[in-house]
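In: Have a look at this fold, sequence not included:
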């Protein structure tokens, strides 16, 4: 299993940008599917964005046009560029590498969750 460490979260005002990074413990060159998920207080974990086969992307409707997922094979990282942040984006963000692509959705793999990174959007 690939171990991951998320970073880049913080406290920002509405409309600001953040770039989250996910560092993997080994090469992700051959990994077929990976994604970012988030969990807000009192809510279940939800998919934010996924990258399938190095090119196809899946985004939650709430973040389309604002967030961009990218894979960086050279340094075994995945990123999530978040622009025009809203208060409803406040959550702990987790990356997940090596899940399944099923019915146009990303199903995360269990057992290799990182500690997550907190994103708080507040004025």
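Out: Cool, the structure landed. The structure presented is a predicted model; accordingly, all values stated were derived computationally and were not measured.

In: Which helix or which strand is home to the residue positioned nearest the centre of the chain?
Out: Taking C-alpha atoms, centre = their mean, the centroid of the chain lies closest to residue 36, which sits 2.1 Å from it. For residue 36, the enclosing helix or strand under DSSP states H and E is strand 33-39.

In: Which positions in that strand come out as buried?
Out: Using 16 or more other C-beta atoms under 10 Å as the test for burial, strand 33-39 gives 33, 34, 35, 36, 37, 38. Any C-beta I mention is one placed from the backbone N, CA and C, and that applies to glycine too.

In: ok, so of these, who is nearest residue 11?
Out: residue 38 (15.6 Å; C-beta to C-beta).

In: Go ahead and confirm the residue nearest to the centre of the chain touches residue 92.
Out: No: if you go by C-beta atoms under 8 Å, residue 36 and residue 92 don't touch, sitting 11.2 Å apart.

In: Quick check: closest non-adjacent residue to residue 16.
Out: residue 85 (5.4 Å; C-beta to C-beta, 6 or more residues apart in numbering).

In: actually residue 29, not the one I wrote
Out: Residue 29's closest residue in space is residue 73 (C-beta to C-beta, 6+ apart), at 4.8 Å.

In: what does residue 25 give?
Out: residue 3 (3.9 Å).

In: Over to residue 118?
Out: Spatial nearest neighbour of residue 118, excluding adjacent residues (C-beta to C-beta, 6+ apart): residue 9 at 4.7 Å.

In: and that neighbour, how many residues sit next to it?
Out: Residues lying near residue 9 (other C-beta atoms under 10 Å) number 18.
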